[in-house]
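Participant: My questions concern the predicted model and sequence given below.
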Amino acid sequence: MTEQPRGDDSTSVLTAVRAGRATRDQAEIEIVQSIIDWCVIHQTDDEDAASFGDHGIPLAGDGAPWVLE
């Protein structure tokens with residue numbers, strides 16, 4: 001069964017939509033900020049650690065992209 005709109009008019013319905021989107025947008029911003037925090041905590045200059053030991057290998061001639069295993 002379809003739920004009826006919570007407002008008496010289109011303005012209140014659109015206001016609810018905007019509020020929901022604002023809440024969602026803020027949650028997404030917080031997620032990205034947490035990802036950045038995680039990255040800062042786990043910084044490394046060790047290429048093997050950063051790439052999990054996976055390095056590209058050349059399969060074609062000069063100028064061709066390298067392929068990862």
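Facilitator: Perfect, I can see it now. Residues are numbered from 1 along each chain as shown.
Participant: Is the residue lying farthest from the centre of the chain in a helix, a strand, or coil?
Facilitator: Within the chain, the residue lying farthest from the chain centre (C-alpha atoms, centre = their mean) is Asp8, at 36.5 Å. Here Asp8 is coil, with the state taken from DSSP: H, G, I helix; E, B strand; the rest coil.
Participant: got it, and the one 3 residues further on?
Facilitator: When states are read from three-state DSSP, the local structure at Thr11 comes out as helix.
Participant: just Thr44 next, same as before
Facilitator: coil.
Participant: so it sits right up against Ala50, yeah?
Facilitator: Yes: between Thr44 and Ala50 there is a contact at 5.4 Å, judged by C-beta atoms under 8 Å. Heads up, the C-betas are built off the backbone N, CA and C, glycines and all.
Participant: Show me where this structure dips below the pLDDT cut-off.
Facilitator: Across the chain, the ranges flagged by pLDDT under 70 are 1-7.
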